[in-house]
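Peer 1: whatever this is, show me its structure:
(2 chains)
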2 protein chains.
Amino acid sequence: MTAPSPAAVDALTAALPPESWTRDPFEIAPWLKEWRNRWTGETPLLLTPRSTEETARMVGLCAEAGIPLTPQGGNTGLVGGQIPQGEVLITTRRLRAVRDVTPLDDAMTVEAGVTLLEAQQAAAGADRLFPLSLAAEGTATIGGVISTNAGGTAVLRYGMMRDLVLGLEAVMPNGEIFHGLKRLRKDNTGYDLKQLLIGAEGTLGIVTAASLKLFPVMRSRATAMVGLETPHAAIQLLARAKAETGGGVEAFELMKRLGMTFVLNNIPDTREPLDSTPPWYVLIELVSGEPGGAEAALERLLEHAFEAGLITDAAIAQNQAQRADFWKVREEQSAAQKPEGGGWKHDVSVPVSRIADFLDEATAAVQRFEPGARVSAFGHVGDGNMHYDILCPPGGDLQAFLGRWMEGSRVVHDVVARYDGSISAEHGLGRLKTDEARRYKTPLEIATMRAVRDAIDPRRIMNPAVLF
Amino acid sequence: MTAPSPAAVDALTAALPPESWTRDPFEIAPWLKEWRNRWTGETPLLLTPRSTEETARMVGLCAEAGIPLTPQGGNTGLVGGQIPQGEVLITTRRLRAVRDVTPLDDAMTVEAGVTLLEAQQAAAGADRLFPLSLAAEGTATIGGVISTNAGGTAVLRYGMMRDLVLGLEAVMPNGEIFHGLKRLRKDNTGYDLKQLLIGAEGTLGIVTAASLKLFPVMRSRATAMVGLETPHAAIQLLARAKAETGGGVEAFELMKRLGMTFVLNNIPDTREPLDSTPPWYVLIELVSGEPGGAEAALERLLEHAFEAGLITDAAIAQNQAQRADFWKVREEQSAAQKPEGGGWKHDVSVPVSRIADFLDEATAAVQRFEPGARVSAFGHVGDGNMHYDILCPPGGDLQAFLGRWMEGSRVVHDVVARYDGSISAEHGLGRLKTDEARRYKTPLEIATMRAVRDAIDPRRIMNPAVLF
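Peer 2: Here you go, the predicted model:
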């Protein structure tokens, strides 16, 4: 698939109102840069539709002319799926309405360009919770988090974005509008088409609006940082926490001493969360429908965990500031690596029960491949999801090290595959990982995905270089 | 699609071991009858594979020969999707293994022929909960509840079957095996193919095994029957219950005085659950991770609901026997209609907030169409799902009344459509409702479903008369 000809772009823009597109490179430039500067794209045209109907008209014209499109939301994706390489760029960020919030349905309908933070706020305004939460929530849009099936820190209790969508409105690759915004909890009338669009990374259509599930605001919340000897102990603690609270664990985040050191050394206004310096940390957050319930459950849990020898140290956040401090050392784990020289990054998942063994085996394999490399593993261990990052050995040749990223990743991903894991737990494949994924998907899986894609987008105009 | 020729069936059976099929009409007969006697099927051959590999071999042979297949699980479906009309019948009920239960993953892997009850028991044996629960659970199989995306009484807290599946193994329409049993909570590596098979009613392949989500066993549970003046009050009570308990409502079932009368008159060993005889009842069940938490939350809720004038009467179950009595008057709502002459049955859903208005409008429409008809509405109102049944006017001509079922359903379904609802909330479309659904689905939806189906089953050998 090649970029559209200037004549094709001329014809397209001539058919559209001038306020709905731009060819000005200065206006387009910010949307061609991925925020970590790992991707720079190019496009002859940025389409900025102001409504679902206008989006449909644009896609219809592109479909007729065979012009490929890359849809973009908040441009916070980590795998380059939103960065065009010659395709026309179409942004949903001007679809900005919160169409309705209906507390009695525990539902709200928002357009694709509403940010995740704004969606959370719209829910809060109706005394409800929209639980998806991730670092980029101030910029990431609802259309984007649906198209990438985003995860984040509350998946353990509330699920991935897929689990939070009641209905979708989308423009299909032929320019027709799929009207699927029903706010139903149960609807068994044929294939659930919205499931195809969720996580399709813009390859099967453009999500323009969504009906989302809301939840009750919890009456209590309690947060602790604990120290542990091993990830094995962390998994046992997780099982105990889930059993004791009946599903009240909202976050369970594992960190390693090395990553904690990076944070303490490289990020201002951070401090050691415990009196001791254990080899592993877990940030645990419990919620409860009972006022005071989470605090009581957390104290009981930690007492039992000490008795069972699962944890060596613990601190319960006594106020919001202390809670924020605990979360800060977790959230800065990735940024804190930068001054250390950057590294090979991975977003992998394995079954929860196998995380500890996976970490042992992967780290041994990495050490064989790159002796002295520093492994900073952290993440949503409650979901089996680790951000498994490998930094250059101290004093090593950084550029040469970064040049071996793909080979090094292969070492990690092969271990992931042996553990029945995923090489992209929450970030998607995009342009970065599609080739790598071909190695781990079966021919049947790839053929089936292609057949579905061909069925829905026979001219392959939607994000053609992304996925299979 | 016509039934296979005797020669084609001869060739198929000649290629298979004799213990894996039967052509004996007496052996086959029980599997051609739907349990309510509304459907009787026919088939030249029953295939009874004993393994996934044998299932794959059989489907492969049928694919080559163009022989259509109807898959069947426990044969408890309510819309005739499991009853062949000339197709070869293939049953998964001999795929009986519980392959593993891994409490640390909150997961288990079971084969398609394991019953729902056995799956619940396997989970309980590992001190975990598998929450899907429905009246036919002793007979319905895991393969069947996945293929129909079954619902039941705990959807409010745990979701539909779709929400409970971590991974699938299935035989695709070309006879290849889809190995998708990963026990991952997060996996964003292309389209989520299992979502296509869930709820596809056997049209896209045959589910042979599944990895299922398990949950903590709750530490307390409390059940009440309450009396209310209107369904509007029920919806307000539901919102209050969800907010006060932070998600602790597991069941919220609405019943009408008329349906209660049928139960008390027609079902032995039932008794009036309240001292009063209110026009509407709600059976509410709360759970909590705290020992004693559910009981305390229920008492508080009912006190607040009395104060707010939402309920007029309430009884809290004091023991298991009383709880069973409350559930019995709910579960017998359908059976209790039979001695009244049967009726037009509907399994519909609307947004929760609109249930009360829907009931008013639908009942008015039904009365215009069939003056004197008796409406017995009950069901999972917490999910917006009502079993909306219409019985013959007292003294009316029952046969003539039953003959107007389809016309009467049209009246109800048109109101459902005006409320953005679904004409099949949890039972599926099968052979019964596919034609009716064509009226309410958009041409785009039907065309997209057909395109996906053609892509995956180009010869349309899988359950060809079911869905679009």
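
Peer 1: correct me if wrong, but residue A:71 is in a strand.
Peer 2: Yes. Checked against DSSP: H, G, I helix; E, B strand; the rest coil, residue A:71 lies within a strand.

Peer 1: map the structural domains onto the sequence of chain A.
Peer 2: Following automatic domain parsing, chain A resolves into domains at A:98-216, A:220-331, A:341-427.

Peer 1: just say which of these is most tucked in.
Peer 2: For the domains of chain A, the largest average neighbour count (mean count of other CB atoms under 10 Å in any protein chain shown) is found in domain A:98-216, namely a mean of 23. Glycine gets a C-beta too; all of them are placed from N, C-alpha and C.

Peer 1: helix/strand/coil for the closest residue in space to residue A:331 that isn't next to it in sequence?
Peer 2: Leaving aside its chain neighbours, residue A:331 sits nearest to residue A:135 (6.1 Å; criterion: CB to CB, 6 or more residues apart in numbering or on different chains). Here residue A:135 is recorded as coil under three-state DSSP.

Peer 1: go on, residue A:432?
Peer 2: Applying three-state DSSP: residue A:432 is coil.

Peer 1: got the contact list for it?
Peer 2: Going by CB atoms under 8 Å, 6 or more residues apart in numbering or on different chains, residue A:432 touches A:78-80.

Peer 1: C-terminal to the helix or strand harbouring residue A:399, what's the next element?
Peer 2: Taking DSSP states H and E as the criterion, residue A:399 maps to helix A:398-403. Reading on from helix A:398-403 to the C-terminus, the next helix or strand found by DSSP H and E is helix A:405-418.

Peer 1: contacting residues around the helix or strand just after that next one?
Peer 2: Downstream of helix A:405-418, the next assigned helix or strand under DSSP H and E is helix A:434-440. Under the contact criterion CB under 8 Å, 6+ apart, helix A:434-440 has outside partners A:406, A:409-410, A:413, A:417, A:423-424, A:429, A:446, A:465-468, B:189-190.

Peer 1: can the helix or strand just after helix A:434-440 be said to contact chain B?
Peer 2: Once helix A:434-440 ends, the next helix or strand along the chain (criterion: DSSP H and E) is helix A:443-456. Yes. Using CB under 8 Å from any CB of the partner chain, helix A:443-456 reaches chain B at A:444-446, A:448-449, A:451-456.

Peer 1: after the helix or strand of chain A with the lowest mean pLDDT, next one along is what?
Peer 2: The weakest-scoring helix or strand in chain A, judged by mean pLDDT, DSSP states H and E, is strand A:343-344 (a mean of 92). Toward the C-terminus, strand A:343-344 is succeeded by strand A:347-349 as the next helix or strand (DSSP H and E).

Peer 1: outside of that next one itself, list whatever touches it.
Peer 2: Surrounding strand A:347-349, the residues in contact under the criterion CB under 8 Å, 6+ apart are A:78, A:383-388, A:412-413, A:416, A:421-427, B:184-187.

Peer 1: mean confidence for that strand?
Peer 2: Taken as a whole, strand A:347-349 carries a mean pLDDT of 96.

Peer 1: the very next helix or strand once past that strand near chain B at all?
Peer 2: Per DSSP H and E, the first helix or strand lying C-terminal to strand A:347-349 is helix A:355-369. No. On the criterion CB under 8 Å from any CB, helix A:355-369 is out of touch with chain B, staying 9.4 Å away.

Peer 1: so how far is helix A:355-369 off the chain centroid?
Peer 2: A distance of 24 Å separates the centroid of the chain from that of helix A:355-369, by CA atoms, centre = their mean, to the nearest Å.

Peer 1: what's the nearest residue to the residue positioned nearest the centre of chain A if we skip its chain neighbours?
Peer 2: Closest to where the C-alpha atoms of chain A average out (CA atoms, centre = their mean) is residue A:150, at 3.7 Å. Nearest non-adjacent residue to residue A:150, counting by CB to CB, 6+ apart: residue A:161, 4.8 Å away.

Peer 1: residue contacts, the one you found?
Peer 2: Counting by CB under 8 Å, 6+ apart, residue A:161 makes contact with A:132, A:145-146, A:148-151, A:198-199.

Peer 1: isn't the residue nearest to the centre of chain A right up against residue A:141?
Peer 2: No. With contact defined as CB atoms under 8 Å, residue A:150 does not reach residue A:141; the gap is 10.4 Å.
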